[in-house]
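Enquirer: Kindly generate the corresponding structure for this input.
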Amino acid sequence: MIVVEVHDEAATAHFAARIARLAQPGDIIALQGDLGAGKTTFARAFIRAYDNGQEEVPSPTFTLVQIYEVGSAPVWHFDLYRLRTPGDAWELGIEDAFAAGISLIEWPERLGALLPDRRLEITFEFADRPSTRRVSLDPGKGWQTRLAAMAANA
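Expert: Sure, this is the predicted structure:
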């Protein structure tokens, strides 16, 4: 487990860009945390960094998924807050995202058993100061080495 603090949106964007540089097709990044904790801020910054800042990134709150054809693999941004059942995720094309895209998943717990073990879990928590977040990274299969390299280059 790796824990870092980000002190504002700019620091969150920088952190997201570092993770985006490590991302590969087939990666699943599960973004956890309370409402307003920074999941969408991270996802937007990740997508912009992955696309060198060219992409407009609306929130998929109502559509549940936005797909960005950028970089070496499409980025699927899921906001599953309004998902009724885990099985409803099949209608969103989640199997395609898991196979060939990079999946950013807000509210991943709504997938239940459909959420693969091979994922990077990033949890955002409110810290002592209003704009500061404590961010915990729990690397799954394939992420340990990449995150170690990132930490070594910090």
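Enquirer: which element is I19 on?
Expert: Secondary-structure assignment from DSSP states H and E places I19 in helix 9-22.
Enquirer: chain center to that helix, what's the gap?
Expert: Average the C-alpha atoms of helix 9-22, do the same for its chain, and the two points are 11 Å apart (Cα atoms, centre = their mean, to the nearest Å).
Enquirer: where does D117 fall, phi/psi-wise?
Expert: For D117, the backbone dihedrals are phi -70, psi -30 (criterion: degrees, to the nearest 10).
Enquirer: returning to what we had before: tell me the buried residues in the helix holding I19?
Expert: Neighbour counts over helix 9-22 (16 or more other Cβ atoms under 10 Å) mark A11, T12, A13, F15, A16, I19, A20 as buried. Just so you know, the C-beta spots here come from the backbone N, C-alpha and C atoms, and that holds for glycine as well.
Enquirer: and the residues you listed as JSON lines, adding pLDDT and distance to Y81?
Expert: Listed next are the buried residues of helix 9-22 as JSON lines, based on pLDDT from 0 to 100; distance: Cβ to Cβ, whole Å:
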{"residue": "A11", "pLDDT": "91", "distance to Y81": "25"}
{"residue": "T12", "pLDDT": "92", "distance to Y81": "19"}
{"residue": "A13", "pLDDT": "91", "distance to Y81": "22"}
{"residue": "F15", "pLDDT": "92", "distance to Y81": "22"}
{"residue": "A16", "pLDDT": "92", "distance to Y81": "20"}
{"residue": "I19", "pLDDT": "92", "distance to Y81": "22"}
{"residue": "A20", "pLDDT": "91", "distance to Y81": "23"}
